[in-house]
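Student: mind folding the following:
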Amino acid sequence: MNLATTLDQLENEQLIRTLDDAYLFKHALTQETAYQSLLRQTRREVHRLVAQAYETLFADQLDDYAAILARHYAETDEVAKTIEYETRAGDAAARVHAPLVALEHYTRALELVTRNGATARVAPTDVFLKKGRMLELAGRFDDALANYAAMETRGRDHGERGMELNALITSAIIRSNTSTVRDEKQADELSKRALALARELGDPAAEAKILWTLSLNNSFAGHPRESVEYGEQSIGIARALNLREQLAYSLNDVSFGYLYLGEIEKTRAVLDEARGLWRELDNPTMLSDNLIRASVVHYGLGEFQPLYELSEQSAAISEKIGNTWGQAEAVQQLGYIHFEYGEFEKAIHFYNHALESCQQSGHSGMLITTHLNLAWLYETLGALERAQELAHLALEETRAHNPSWEAWAQSFLVRVELGLGNVDGADARMQKAYAQVSREDFLTFVHVSVTYSEVALAQRDYERAHSITREAMNVLERAHLRLFLADALFIQARAWLAQNNFESARKALETARGIAEQQNSRRMLWKILAARAECESNEVRARTWRGKSRVVVEYIAAHSPPELRARFLNQTEIVRVMTQT
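Tutor: Here you go, the predicted structure:
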């Protein structure tokens with residue numbers, strides 16, 4: 001009896017069926033019974049023959065069939081082949097941005113490597129690194145650190161210094177980034193241990209990577225000069241060795257150091273070069289990250305329209321590839337812009353989307369930022385209890401994951417305390433925060449300064465308000481930036497109005513109005529227009545300014561959540577604008 005006759009007979013007896021030139025068992029129990037009836041040695045041989053058939057038939061498509069090949073070889077005694085195809089299957093899944101599938105394959109490959117030791121005939125470093133990367137993409141940072149710790153131990157125990165070095169580097173990178181396991185001190189310690197080992201081993205490529213990690217850590221810690229120093233060293237080595245991917249990372253992340261130091265042209269240049277490299281390397285995850293970093297330049301310049309466009313591009317790329325980390329950053333930016341535009345309902349929508357992405361990705365830095373911006377938004381709407389809750393939550397997160405941001409987080413909580421009338425408590429918080437914040441970290445410093453000047457204004461300490469706003473504006477001028485400049489000018493004008501210096505107030509408000517209108521910042525514009533009315537001795541002109549302010553207030557109210565419109569409109573300053581004629 002030949003094979004065709006046997007297959008026809010089995011099909012007639014309804015034990016198998018054909019599908020696209022293949023034969024399938026009609027019932028799983030039939031398949032299992034037939035399979036178990038084979039001797040173990042026979043089963044192994046069948047799996048080996050099937051695997052070899054796939055390797056022959058699909059020799060130029062092995063990555064496409066790697067998962068099937070891994071499954072068949074797993075049933076044989078060919079451990080090295082199983083590891084090879086589990087790893088290739090993981091690589092294939094990673095290429096199509098399926099980190100959880102890739103993680104399953106890398107985990108099985110690593111288990112086999114660990115269980116079979118030297119007989120596996122496979123260097124485990126790459127498998128450790130690939131598994132760790134997938135854990136990071138899945139937001140499982142504690143598990144990733146445990147993976148790298150096991151890798152470091154194995155490397156040290158087996159005298160594999162390169163493996164030990166790679167484990168130190170990857171652990172340092174996780175500790176440097178704004179994840180839930182960020183730890184500035186541990187990142188610095190791990191990086192410096194790795195740097196010493198890299199130099200001992202004569203590994204300049206590893207040295208470039210570690211210097212980049214130190215640049216990254218110092219950037220997030222608010223030390224821009226140190227970030228630039230390490231970043232430029234890394235870039236120099238990467239250029240000399242033509243390390244294209246490392247060069248892209250180092251260029252990308254030194255950008256914040258340049259930005260904080262006010263070197264806008266250098267910031268643009270490194271981001272543009274990195275963006276070209278990410279496109280050349282076909283790395284959409286980092287392309288999305290690069291676009292967000294480029295958008296932060298526009299944020300510092302107060303250019304909200306290009307900021308919006310770049311954030312939308314980043315969000316689209318991140319959504320397409322399932323990158324929740326990138327989505328968190330991009331949609332948080334979109335929320336902030338709608339907040340500035342006075343479209344508070346849209347802003348809340350994007351902020352909530354960002355929170356969901358943060359929770360999925362473990363992006364602690366963006367979780368803090370989003371909670372703080374939501375607190376600011378709710379405080380602006382007059383929903384002070386909700387704002388206070390969010391600000392306290394963000395402060396706890398900051399202390400747990402990124403203590404260098406505490407002064408910034410405190411400034412948001414102070415805004416709420418001012419709204420609640422706790423001026424003395426707000427002053428005590430701000431004195432401490434203002435003393436702690438670095439003048440080189442301009443984003444944090446200017447925000448803290450503006451808030452502190454609002455406290456001084458509430459205490460009727462007008463000279464202190466002037467002094468603080470002047471310093472903030474000097475920092476912005478040195479950095480060639482305009483973020484929160486309208487806020488500082490407005491507070492300065494309020495202090496002058498309280499001192500009956502109407503001409504100085506008018507000049508400051510006119511400059512602030514030009515900035516707010518250019519930015520389309522209704523958040524500030526209604527306040528500026530209302531204050532502009534107070535500079536007028538002519539009641540007709542004053543009424544005109546108040547009318548313009550009312551139009552902006554009505555727009556904001558119409559674009560606020562319906563359940564919070566009454567709170568917004570019942571705030572004292574808003575009532576004054578809406579009732580004065």
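Student: what about the residue nearest to residue 295 when sequence neighbours are not counted, which helix or strand?
Tutor: Closest residue to residue 295 apart from its sequence neighbours, by Cβ to Cβ, 6 or more residues apart in numbering: residue 310 at 3.9 Å. In this view, the C-beta of every residue, glycine as well, is placed from N, C-alpha and C. Assessed by DSSP states H and E, residue 310 sits inside helix 304-321.
Student: from the contact counts, what lies against that helix?
Tutor: Judged by 3 or more Cβ pairs under 8 Å, 6 or more residues apart in numbering; DSSP states H and E, the packing partners of helix 304-321 are helix 284-301, helix 324-340.
Student: count of neighbours near residue 420?
Tutor: By the criterion of other Cβ atoms under 10 Å, residue 420 has 15 neighbours.
Student: could you tell me how far the residue nearest to it when sequence neighbours are not counted is located from residue 376?
Tutor: The shortest distance from residue 420 to any non-neighbouring residue, by Cβ to Cβ, 6+ apart, is to residue 384 (5.7 Å). Distance, residue 384 to residue 376, using Cβ to Cβ, to the nearest Å: 12 Å.
Student: tell me how this protein divides into domains.
Tutor: Following automatic domain parsing, one finds the domains of the chain at 3-32, 203-282, 304-359, 471-581.
Student: ok, residue 91 - how many residues close by?
Tutor: 16.
Student: and it, that's in a strand?
Tutor: No - assessed with DSSP: H, G, I helix; E, B strand; the rest coil, residue 91 is helix; it does not lie in a strand.
Student: in stretch 320-333, which residues are buried?
Tutor: Residues of stretch 320-333 classed as buried: 322, 323, 324, 325, 326, 327, 328, 329, 330, 331, 332, 333 (neighbour count, 16 or more other Cβ atoms under 10 Å).
Student: show me the contacts for the residue nearest to the fourth one when sequence neighbours are not counted.
Tutor: Counting by Cβ to Cβ, 6+ apart, residue 361 is the residue found nearest to residue 325 once chain neighbours are left out, at 4.1 Å. Counting by Cβ atoms under 8 Å, 6 or more residues apart in numbering, residue 361 touches 139, 324, 325, 327, 328.
Student: just give the number of residues close to the first one.
Tutor: Burial of residue 139 is recorded as 20 neighbouring residues (other Cβ under 10 Å).
Student: you'd agree it is up against residue 360?
Tutor: Yes - counting by Cβ atoms under 8 Å, residue 139 touches residue 360, with 6.1 Å between them.
Student: contacts for the helix or strand containing residue 527?
Tutor: Per DSSP H and E: residue 527 is located in helix 522-534. Residues outside helix 522-534 that contact it (Cβ under 8 Å, 6+ apart): 339-342, 380, 486-487, 490, 493-494, 497, 502, 505-506, 509-510, 512-513, 516-517, 541-546, 548-549, 552-553, 555-556, 573, 576-577.
Student: what does stretch 457-464 give?
Tutor: The contact list for stretch 457-464 (Cβ under 8 Å, 6+ apart) reads 418, 423, 426-427, 453, 456, 465, 491, 494-496, 498-499.
Student: tell me the one of these nearest residue 254?
Tutor: residue 453 (31.9 Å; Cβ to Cβ).
Student: ok, the closest residue in space to residue 380 that isn't next to it in sequence to residue 530 distance?
Tutor: Nearest residue to residue 380, sequence neighbours excluded (Cβ to Cβ, 6+ apart): residue 523, at 6.9 Å. As for residue 523, its distance to residue 530 is 13 Å (criterion: Cβ to Cβ).
Student: tell me where the stretch 451-581 of the chain has helices.
Tutor: With DSSP state H, counting those that start in this stretch applied, the stretch 451-581 of the chain shows helices at 462-479, 485-498, 502-519, 522-534, 539-558, 565-569, 572-579, listed in chain order.
Student: give the buried residues for stretch 144-158.
Tutor: Buried-residue list, stretch 144-158, by 16+ other Cβ under 10 Å: 144, 145, 147, 148, 150, 151, 152, 154, 155.
Student: try stretch 456-466
Tutor: In stretch 456-466, counting by 16+ other Cβ under 10 Å, buried: 456, 457, 458, 461, 462, 464, 465, 466.
Student: hey, least reliable of the domains of the chain by pLDDT?
Tutor: The weakest mean pLDDT among those belongs to domain 3-32, with a mean of 55.
Student: count the neighbours of residue 185 for me.
Tutor: Around residue 185 there are 11 residues (other Cβ under 10 Å).
Student: over to residue 78?
Tutor: 17.
Student: quick one, what contacts the residue nearest to residue 105 when sequence neighbours are not counted?
Tutor: With Cβ to Cβ, 6+ apart as the criterion, residue 105 has its nearest non-adjacent residue at 3.5 Å, and that residue is residue 90. Residues near residue 90 by Cβ under 8 Å, 6+ apart: 101, 102, 103, 104, 105, 106, 109, 130, 134.
Student: and which of those is nearest residue 94?
Tutor: Nearest to residue 94 among the contacts of residue 90, with distances taken as Cβ to Cβ, is residue 102, at 4.3 Å.
Student: give the contact list for residue 275.
Tutor: Residue 275 touches 287, 290, 291, 294, counting by Cβ under 8 Å, 6+ apart.
Student: let me see the confidence value for the residue nearest to residue 325.
Tutor: For residue 361, pLDDT reads 86.
Student: and the residue nearest to residue 295, how close does it get to residue 186?
Tutor: Distance from residue 310 to residue 186, by Cβ to Cβ: 33 Å.
Student: for the two, indicate the residue with more neighbours.
Tutor: residue 310 (22 against 17).
Student: show me the strands in the chain, by range?
Tutor: Here the chain has its strands, by DSSP state E, at 16-19, 22-25.
Student: test my guess that residue 515 contacts residue 488.
Tutor: No - if you go by Cβ under 8 Å, residue 515 and residue 488 don't touch, sitting 10.1 Å apart.
Student: residues near residue 96, how many?
Tutor: 10.
Student: neighbour count, pLDDT and distance to residue 367 for the contacts of residue 90 - can I get that in a markdown table?
Tutor: Listed next are the contacts of residue 90 as a markdown table, based on neighbours: other Cβ atoms under 10 Å; pLDDT from 0 to 100; distance: Cβ to Cβ, whole Å:
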| residue | neighbour count | pLDDT | distance to residue 367 |
| --- | --- | --- | --- |
| 101 | 17 | 90 | 27 |
| 102 | 25 | 91 | 25 |
| 103 | 23 | 91 | 23 |
| 104 | 18 | 92 | 28 |
| 105 | 26 | 92 | 30 |
| 106 | 29 | 93 | 27 |
| 109 | 28 | 90 | 33 |
| 130 | 20 | 93 | 27 |
| 134 | 26 | 91 | 22 |
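Student: these into CSV, with extra columns for distance to residue 180?
Tutor: Shown next, in CSV, are the contacts of residue 90 (distance: Cβ to Cβ, whole Å):
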residue, distance to residue 180
101, 23
102, 21
103, 18
104, 23
105, 25
106, 22
109, 27
130, 22
134, 17
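Student: check contacts around the spatially closest residue to residue 326 that is not a sequence neighbour.
Tutor: Counting by Cβ to Cβ, 6+ apart, residue 326 lies nearest to residue 318, which is 3.3 Å off, once chain neighbours are set aside. Neighbouring residues of residue 318 by Cβ under 8 Å, 6+ apart: 285, 288, 324, 325, 326, 327, 329, 330.
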